[in-house]
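Visitor: sequence first, then the predicted structure, then my questions.
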Amino acid sequence: MHFTARAHTNIALLKYWGKADTAIITPTTTSISLTLDEFYTDTTVWFDESLTTDKFILDNEVMTGHALQKVSQFLNVVRRQADITSYASVISTNHVPTAAGLASSASAFAALAGAASKAAGLDLTLTELSRLARHGSGSATRSVFGGFAQWTPGDDTTSVGSPLLADADWPIQLMTVVINDQQKAVGSRAGMQHAMATSPFYDLWVKTANEQVNQMITAIHNHDITTIGQIAEANALQMHATNMTAVPPFNYLTDKSWEVILMAQELRQKGIPVYATMDAGPNVKLISNPADTEVIKESLLSVVSDNQIINAHPGPGIQINAGD
Ligand code: DP6
């Protein structure tokens with residue numbers, strides 16, 4: 001029997017940037033995210049005793065090498081947990097508007113965890129699913145949940161995602177400004193490892209991130225976009241500071257990224273609450289109130305073109321359906 005899972009991507013408002021344990025993927029700090037409606041992955045899995053190897057099709061392309069290996073390693077975790085040995089077929093489709101380069105390991109591994117666990121005969125709770133997804137990618141722990149979610153440090157059992165405010169049905173939006181859709185030179189896995197190992201600012205990053213957790217949770221519960229945005233922008237810039245001070249240094253942000261970040265600062269001086277957050281790439285995501293969409297867009301159009309702006313809102317948690 002095959003199962004299909006849909007998981008949406010999430011953007012961290014407090015970033016996960018460094019692993020306490022690289023083997024089981026646990027973080028050094030608590031991260032907090034917003035799951036988005038616009039970007040998601042659909043993944044179908046079935047285990048088949050007649051297969052002699054795992055098969056993985058991504059966006060209609062048969063995958064081999066590293067991509068297949070990562071999926072197979074993840075399926076090994078599922079097989080161990082379900083006590084089965086057969087190989088699986090995995091078919092995944094990323095739904096991201098245009099070729100925005102916004103496919104994420106978060107939606108990918110959350111969807112794979114959902115479909116593969118069910119297809120293997122496991123019936124996991126959302127917490128158990130989040131724990132399983134973590135073995136594929138840290139940020140996937142949070143994509144199991146809709147709305148705001150957090151992922152805490154801990155051991156293999158306790159380091160899981162949980163919902164903070166699943167029904168984020170108050171007005172908040174995240175505008176993605178696509179600056180570059182190319183594969184990044186330094187992936188997030190290698191980047192966070194390098195920053196953690198060599199940046200003299202890394203300990204300060206952890207200390208500051210710990211202080212930001214309760215402030216962010218309070219701001220989310222108060223529906224306070226200004227405070228959410230202020231903390232998120234500070235946290236993102238602090239994360240990027242660990243990269244720029246790593247030895248040797250590296251940097252994800254381009255001149256265009258900075259133009260957008262500075263544009264947000266200028267709009268704030270005019271009284272419009274809009275704040276930037278950036279992950280392991282040059283794209284900038286703007287946190288704002290939906291009522292300010294037009295005025296923000298107008299400013300953005302002096303820096304980028306219309307098709308580089310994608311507006312997203314809070315999205316749902318994982319959905320899993322049985323097939324034939
Ligand atoms: C900057 O979850 O992709 O997006 O656990 O090594 O797969 P691995 O890393 P990944 O890192 C995400 C980093 C980030 C911040 C975040 O999403 O919290």
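Guide: Received, thanks. Bear in mind the structure is a predicted one, so any value in this text is a computation, not a measurement.

Visitor: got the contact list for the nearest residue to A197 once chain neighbours are set aside?
Guide: Spatial nearest neighbour of A197, excluding adjacent residues (Cβ to Cβ, 6 or more residues apart in numbering): A246 at 8.0 Å. For glycine as for every other residue, the C-beta is placed from the backbone atoms N, C-alpha and C. Shown in contact with A246 (Cβ atoms under 8 Å, 6 or more residues apart in numbering): H194, A195, A197, T198, S199.

Visitor: please identify the helix or strand for A246.
Guide: Here A246, judged by DSSP states H and E, is contained in no helix and no strand.

Visitor: any idea how far T44 is from it?
Guide: 40 Å (Cβ to Cβ, to the nearest Å).

Visitor: kindly report the same for L36.
Guide: Separation of L36 from T44 (Cβ to Cβ): 22 Å.

Visitor: of those two, who's got more company?
Guide: Using other Cβ atoms under 10 Å as the criterion, L36 and T44 rank with L36 on top: 27 against 20.

Visitor: okay, and E294 sits in which element?
Guide: helix 293-300.

Visitor: quick one: name whatever helix or strand follows that helix.
Guide: strand 309-312.

Visitor: same question for that next one, mean pLDDT?
Guide: For strand 309-312, mean pLDDT rounds to 93.

Visitor: that older thread, kindly indicate which of the contacts of A246 lies nearest the ligand.
Guide: Nearest to the ligand out of the contacts of A246 is A195 (Cβ to the nearest ligand atom; 10.5 Å).

Visitor: need the residues of the stretch 1-150 of the chain near the ligand, please.
Guide: A12, K15, Y16, I25, S31, S105, S137, G138, S139 (Cβ under 6 Å from any ligand atom).

Visitor: save the residues you listed as a markdown table, and put in neighbour count too.
Guide: Below are those laid out as a markdown table (neighbours: other Cβ atoms under 10 Å):
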| residue | neighbour count |
| --- | --- |
| A12 | 25 |
| K15 | 29 |
| Y16 | 26 |
| I25 | 21 |
| S31 | 27 |
| S105 | 21 |
| S137 | 24 |
| G138 | 27 |
| S139 | 30 |
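
Visitor: just give me the least confident of those residues.
Guide: pLDDT across these is lowest for S105, at 92.

Visitor: what residues are up against that one?
Guide: S105 touches G136, S137, S139, A140, S188, counting by Cβ under 8 Å, 6+ apart.

Visitor: now render these as JSON lines, adding secondary structure.
Guide: Below are the contacts of S105 laid out as JSON lines (DSSP: H, G, I helix; E, B strand; the rest coil):
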{"residue": "G136", "secondary structure": "coil"}
{"residue": "S137", "secondary structure": "coil"}
{"residue": "S139", "secondary structure": "coil"}
{"residue": "A140", "secondary structure": "helix"}
{"residue": "S188", "secondary structure": "helix"}
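
Visitor: okay, helices next: where are they in the stretch 1-150 of the chain?
Guide: For the stretch 1-150 of the chain, helices defined by DSSP state H, counting those that start in this stretch occupy the ranges 65-82, 105-119, 126-134, 140-143.

Visitor: meant to ask about the stretch 151-300 of the chain
Guide: 188-198, 202-221, 225-244, 255-269, 293-300.

Visitor: the ligand is nearest to which of those helices?
Guide: Going by Cβ to the nearest ligand atom, the one of those nearest the ligand is helix 188-198, 3.6 Å.

Visitor: can you tell me if that closest one touches the ligand.
Guide: Yes. Using Cβ under 6 Å from any ligand atom, helix 188-198 reaches the ligand at S188, R189.

Visitor: buried ones in that helix?
Guide: S188, G191, M192, Q193, H194, A195, M196 (16 or more other Cβ atoms under 10 Å).

Visitor: any idea which of the helices of the stretch 151-300 of the chain is most buried?
Guide: Of all the helices of the stretch 151-300 of the chain, helix 225-244 carries the top mean neighbour count, a mean of 21, counting by mean count of other Cβ atoms under 10 Å.

Visitor: ok, so of the contacts of S105, who is nearest T127?
Guide: For those, the minimum distance to T127 (Cβ to Cβ) is 13.6 Å, reached by A140.

Visitor: counting neighbours, what do you get for that closest one?
Guide: 31.

Visitor: and the gap between the closest residue to H135 other than its chain neighbours and the ligand?
Guide: In space, and not counting its chain neighbours, H135 is closest to V77: 4.8 Å by Cβ to Cβ, 6+ apart. V77 is 14 Å from the ligand, where distance means Cβ to the nearest ligand atom, to the nearest Å.

Visitor: distance of V77 relative to F109?
Guide: Going from V77 to F109 by Cβ to Cβ gives 11 Å.

Visitor: which one's more surrounded, these two?
Guide: F109 (29 against 17).

Visitor: which residues are in contact with that one?
Guide: Contacts for F109 (Cβ under 8 Å, 6+ apart) come out as F74, A133, G136, S137, A140, S143.
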